[in-house]
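Asks: let's see this in three dimensions:
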Amino acid sequence: MCGFVGYVNQKDVPEGTINDMADRIKHRGPDDEAYFADENVSMGFRRLSIIDLAHGRQPMFNADQTKVLTFNGEIYNYKEIREELRDLGYEFRTDVDSEVLVYGYEEWGPALLEKLRGMFAFVIYDKKKNEVFGARDHFGIKPLYYYDDGQSFLWGSEIKAFLEHPNFKKELNLKLLPIHLSFEFIPSRETMFKHVYKLLPGQYFLHKDGKTETHRYYKFNYDHIDNSQTIQGDADKIQKIVDDSVKAHMIADVEVGSFLSSGIDSSYVLNEAAKLKPIQSFSIGFHHSKYSELAWSTEFAKNIKQKNTPIYMDGDDYFNFLPTMMYYMDEPLSNPAAIQLYYLSKETSKHVKVALSGEGADEFFGGYNTYLESIPFDRYQKYVPKPIRKGLAAVANKLPRFHGKRFLVRGAQRLASATIG
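Replies: Numbering: from 1, shown residues only. The predicted structure follows:
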């Protein structure tokens, strides 16, 4: 990953502020740093080199130096877009994907976003129009935050970068606390900091003359669902899409690894990647725990003849790195898997710069029990009278933990109580 920062309005801002902001997120890009500043805007960048390691320094400019780009992510179809732009007369100096963004925006403006396939967050400063354009990928894989209190406008890959700017007011957005405690995340563009917003997936912003507008360029559409599809037909389509996606993600000028658990998702991804080239996998587990998946993940990697590196975590590791992990997260996250994922990423980074994973598959394919609960709950609440359900829940609450206890307790609750908080 890479990281970028920036702000408009240089008045009364100490020299070196942009450097300090970028240093706050140097963990995102240890390979290089560079800066841009004029009388209106300052921009900083920290790079993790993946493609065309010798070139691609940012901030990057178009040919006449009127547009300035900082970009975090990967554009998987950049070669196709580059050829289209070459046909239009643009000349490229590097082989990096970021260059298609600066020229693509020059040619198509925000319509460029409709052509992109990838994970990305980027900001382009148009010196002629004196405006700042920022965009985030369709799924929101790459982060992009901005601070706008009506007087100052800052942006960055992480909120903590704003701490170095003298006009940033560190205020808790207290009204969001009960929302977070209810849903375990914040279902809006707001954050736990006042006046700090996250650009939502599939959106872009345009900041000009002190005003910020946000627009949606992509929205999921389910109108194309074909009820005549067969299971085998869908499976074939999914296999083709996954194969194509893995091939795209393997494009890099550095070694690519892969996370591996005992689950279907990461195993499938690793297996498809291994068909292209040998790939090292990394698995997290515990020395003495029934929850450790290392036995299964190591065996799977062995069966497909790929190297697997086991990474062990114990209680001391957990408590030692927990404060550091919370610092990097910027906002509270209630998913306990984030702790193991952070530790796995930290240790994997000692071996490779890029790692594939099966993250997101459970959301796409209904891999969580929550997606299946509606059927048994519906039957339970339909055929078992409410007084009996309440009595069973009261008894279950007093008993030690057992399989089915949560079902009995939630089966007596209203829908809101059973699903929120």
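
Asks: okay, CA-based contacts and neighbour counts for the rest of this
Replies: Noted.

Asks: tell me the pLDDT of L270.
Replies: pLDDT, L270: 95.

Asks: please report how far the nearest residue to it once chain neighbours are set aside lies from E363.
Replies: Using C-alpha to C-alpha, 6 or more residues apart in numbering and skipping residues adjacent in sequence, the residue nearest L270 is S258, 6.3 Å away. To E363, S258 is 20 Å away according to C-alpha to C-alpha, to the nearest Å.

Asks: P110: how many residues sit nearby?
Replies: P110 has 18 neighbouring residues, counting by other C-alpha atoms under 10 Å.

Asks: of S258 and E363, who's got more company?
Replies: Using other C-alpha under 10 Å, the more surrounded residue of S258 and E363 is S258, with 23 against 10.

Asks: what pairs with the helix or strand harbouring that one, parallel or antiparallel?
Replies: In this assignment (DSSP states H and E), S258 forms part of strand 256-259. Using DSSP bridges, strand 256-259 pairs in its sheet with strand 281-285 (parallel), strand 354-356 (parallel).

Asks: next SSE downstream of that strand?
Replies: Taking DSSP H and E, what comes next after strand 256-259 is helix 264-274.

Asks: save the strands paired with strand 256-259 as CSV, and put in distance to Q232 too.
Replies: Formatted as CSV, the strands paired with strand 256-259 follow (distance: least, C-alpha to C-alpha, whole Å):
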stretch, distance to Q232
strand 281-285, 30
strand 354-356, 26
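
Asks: out of those, which comes closest to I75?
Replies: Across the strands paired with strand 256-259, I75 has its closest neighbour in strand 354-356 (14.6 Å, C-alpha to C-alpha).

Asks: re earlier: need the winner for burial among the strands paired with strand 256-259.
Replies: Mean neighbours per residue, mean count of other C-alpha atoms under 10 Å, is largest over the strands paired with strand 256-259 for strand 281-285, with a mean of 23.

Asks: quick one, it and helix 264-274 angle?
Replies: Relative orientation of strand 281-285 and helix 264-274, computed by axes from the mean of the first three to the mean of the last three C-alpha atoms, to 10 degrees: 160 degrees.

Asks: avg pLDDT for strand 281-285?
Replies: In this model, strand 281-285 has a mean pLDDT of 94.

Asks: next: stretch 308-322.
Replies: 89.

Asks: equivalent analysis for stretch 247-257, please.
Replies: On average, the pLDDT along stretch 247-257 is 88.

Asks: chain center to that stretch: distance?
Replies: In terms of C-alpha atoms, centre = their mean, to the nearest Å, the centre of stretch 247-257 is found 18 Å from the chain centre.

Asks: swap in stretch 64-72?
Replies: Put simply, stretch 64-72 sits 23 Å off its chain's centre (C-alpha atoms, centre = their mean).

Asks: C-terminal to the one helix or strand R406 maps to, what's the next element?
Replies: If you go by DSSP H and E, R406 is part of helix 405-411. Next helix or strand after helix 405-411 toward the C-terminus (DSSP H and E): helix 415-419.

Asks: list the helices and strands that next one packs on?
Replies: helix 405-411 (3 or more C-alpha pairs under 8 Å, 6 or more residues apart in numbering; DSSP states H and E).

Asks: and the helix it packs on, which residues are buried?
Replies: Neighbour counts over helix 405-411 (16 or more other C-alpha atoms under 10 Å) mark 405, 407-411 as buried.

Asks: would a markdown table of those residues with distance to V354 and pLDDT be doable?
Replies: As requested, the buried residues of helix 405-411 are exported to a markdown table (distance: C-alpha to C-alpha, whole Å; pLDDT from 0 to 100):
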| residue | distance to V354 | pLDDT |
| --- | --- | --- |
| K405 | 42 | 91 |
| F407 | 40 | 88 |
| L408 | 44 | 91 |
| V409 | 43 | 90 |
| R410 | 42 | 87 |
| G411 | 44 | 88 |
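
Asks: with distance to S281 added, can I get these in TSV?
Replies: Listed next are the buried residues of helix 405-411 as TSV, based on distance: C-alpha to C-alpha, whole Å:
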residue	distance to S281
K405	37
F407	37
L408	40
V409	40
R410	39
G411	41
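
Asks: how about the strands in the stretch 201-350 of the chain?
Replies: 203-208, 211-216, 256-259, 281-285, 308-312 (DSSP state E, counting those that start in this stretch).

Asks: which stretch among the strands paired with strand 256-259 comes nearest M326?
Replies: Of all the strands paired with strand 256-259, strand 281-285 sits nearest to M326, with 19.6 Å by C-alpha to C-alpha.
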